[in-house]
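Asks: just need the structure, nothing else, for what follows:
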Amino acid sequence: MPSAILHDASIVKADGTVERFDPEKLMLSLKRSGAGSHTAERIAETITSSVGFEVSSSEIYTKAFAMLRREARPAAARYALRRALLEFGPSGHPFEDFVAELFIAEGWQVERRKIIKGKCVEHETDMYATRNGPNGVETIAAELKYHNDAFYKTDLKTALYVKARFDDIWNCDPKTQSCPIDRGMLITNTKFTSQAVAYAMCSGVELLGWSFPETATLYDRIVAAGIYPVSTLTSLKHSEKKLLINKGIVTSAMIPGNRDALRAAGIPAERIGAILSETQSLTEPFSHA
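Replies: Below you'll find the model as predicted:
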């Protein structure tokens with residue numbers, strides 16, 4: 001097993017915290033991305049045998065991604081998913097558009113940046129979604145918080161602010177106007193503080209983040225829907241990703257219908273073929289731990 005190779009190495013995370021390097025954790029993350037057991041074990045063993053007694057998380061990621069990219073591009077794309085979301089910045093609008101596409105893939109009708117009148121004032125919601133449920137039409141309004149820093153957590157203050165806005169909408173006078181949301185959500189591409197989670201669970205605000213809730217995280221829903229950020233594609237250069245995002249092409253699924261945008265970005269025909277192939281491979285089902 002990889003863990004038998006090295007016992008005392010430490011891994012230094014980007015936020016400065018230090019913890020024991022666990023090869024098993026690395027192997028599980030590779031399998032979760034769709035790498036086969038043999039591939040995941042071999043990559044974990046190779047990296048474990050090559051690191052010293054202190055290694056950065058960035059170095060581990062770079063080595064694992066490079067090896068995975070050579071052997072299984074779809075798995076490499078999923079392994080890089082968290083960082084791919086960070087490439088949407090600095091504006092939060094591409095992330096908002098991506099989440100809208102995710103909800104559409106899940107069967108919702110979506111309006112973006114919709115104005116809703118509350119009891120006291122009007123509110124611009126980042127996303128307004130409706131769909132037919134078992135008990136009639138379901139409605140969701142969502143506030144999205146995008147962060148360029150993977151270690152920045154959406155905090156209690158943000159949860160309080162979002163709840164206050166939803167309360168104003170929920171408390172509108174149904175005799176004079178429509179009160180058109182059943183559920184309020186706070187969505188982020190990173191994590192939440194423990195206080196934000198506790199308050200949201202108590203107050204009725206639903207949370208969706210990189211690792212929350214436990215059984216249906218943002219990562220889980222992206223993989224289940226097969227809707228990936230265009231920045232996930234390993235066959236695109238960073239500058240090409242930016243050009244496509246600036247044109248409103250935020251998911252890999254949008255690529256086949258926008259080949260002209262690839263040509264306009266100066267991508268030669270043979271690379272366009274490789275990009276389309278990778279896009280197609282991301283839609284294929286896979287088994288993950």
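
Asks: all helices for the stretch 151-289 of the chain, in order.
Replies: Listed in chain order, the helices of the stretch 151-289 of the chain (DSSP state H, counting those that start in this stretch) span 156-170, 194-203, 218-225, 238-246, 259-264, 269-282.

Asks: got JSON lines for these, with mean pLDDT and distance to residue 125 too?
Replies: Every residue, glycine included, has its C-beta placed from N, CA and C. JSON lines is the format used below for the helices of the stretch 151-289 of the chain (pLDDT from 0 to 100; distance: least, Cβ to Cβ, whole Å):
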{"stretch": "helix 156-170", "mean pLDDT": "95", "distance to residue 125": "8"}
{"stretch": "helix 194-203", "mean pLDDT": "97", "distance to residue 125": "17"}
{"stretch": "helix 218-225", "mean pLDDT": "95", "distance to residue 125": "18"}
{"stretch": "helix 238-246", "mean pLDDT": "94", "distance to residue 125": "22"}
{"stretch": "helix 259-264", "mean pLDDT": "93", "distance to residue 125": "29"}
{"stretch": "helix 269-282", "mean pLDDT": "93", "distance to residue 125": "30"}
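
Asks: what's the closest of these to residue 89?
Replies: Shortest separation from residue 89 across the helices of the stretch 151-289 of the chain is recorded for helix 238-246, at 9.6 Å, computed as Cβ to Cβ.

Asks: can I get the helices of the stretch 151-289 of the chain in a markdown table with distance to residue 27 and mean neighbour count?
Replies: Formatted as a markdown table, the helices of the stretch 151-289 of the chain follow (distance: least, Cβ to Cβ, whole Å; neighbours: other Cβ atoms under 10 Å):
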| stretch | distance to residue 27 | mean neighbour count |
| --- | --- | --- |
| helix 156-170 | 35 | 18 |
| helix 194-203 | 28 | 16 |
| helix 218-225 | 18 | 18 |
| helix 238-246 | 28 | 17 |
| helix 259-264 | 35 | 14 |
| helix 269-282 | 22 | 16 |
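
Asks: can I get those in JSON lines with distance to residue 99?
Replies: As requested, those are arranged in JSON lines below (distance: least, Cβ to Cβ, whole Å):
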{"stretch": "helix 156-170", "distance to residue 99": "15"}
{"stretch": "helix 194-203", "distance to residue 99": "17"}
{"stretch": "helix 218-225", "distance to residue 99": "8"}
{"stretch": "helix 238-246", "distance to residue 99": "14"}
{"stretch": "helix 259-264", "distance to residue 99": "21"}
{"stretch": "helix 269-282", "distance to residue 99": "18"}
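
Asks: closest one to residue 86 among the ones you listed?
Replies: Residue 86 sits nearest to helix 238-246 of all the helices of the stretch 151-289 of the chain, at 11.5 Å, using Cβ to Cβ.

Asks: what lines up beside the helix or strand bottoming out on mean pLDDT in the chain in the sheet?
Replies: Using mean pLDDT, DSSP states H and E, the weakest-scoring helix or strand in the chain turns out to be strand 10-12, at a mean of 83. Its sheet considered, strand 10-12 pairs with strand 18-20 (antiparallel), strand 54-56 (parallel) by DSSP bridges.

Asks: run through who's touching the next helix or strand after the last one.
Replies: Yep, that's strand 54-56 we're talking about. With elements assigned by DSSP states H and E, the helix or strand that comes after strand 54-56 is helix 57-71. Defining contact as Cβ atoms under 8 Å, 6 or more residues apart in numbering, one finds that helix 57-71 is touched by 11-14, 21, 26, 30, 33, 35, 39, 43, 46-47, 50-51, 75-76, 79-80, 83, 234.

Asks: strands - which of those land there?
Replies: 11-12 (DSSP state E).

Asks: show the buried residues in the contacts of helix 57-71.
Replies: 11-12, 21, 26, 30, 33, 35, 39, 43, 47, 51, 75-76, 79-80, 234 (16 or more other Cβ atoms under 10 Å).

Asks: out of those residues, list just those in helices.
Replies: Cross-referencing these against helices under DSSP state H gives 26, 30, 39, 43, 47, 75-76, 79.

Asks: among the residues you listed, which one sits closest to residue 243?
Replies: Checking these against residue 243 by Cβ to Cβ gives residue 76 as the nearest, at 21.6 Å.

Asks: now, the most widely separated pair of the ones in helices among the buried ones among the contacts of helix 57-71?
Replies: 47 and 75 (15.3 Å).
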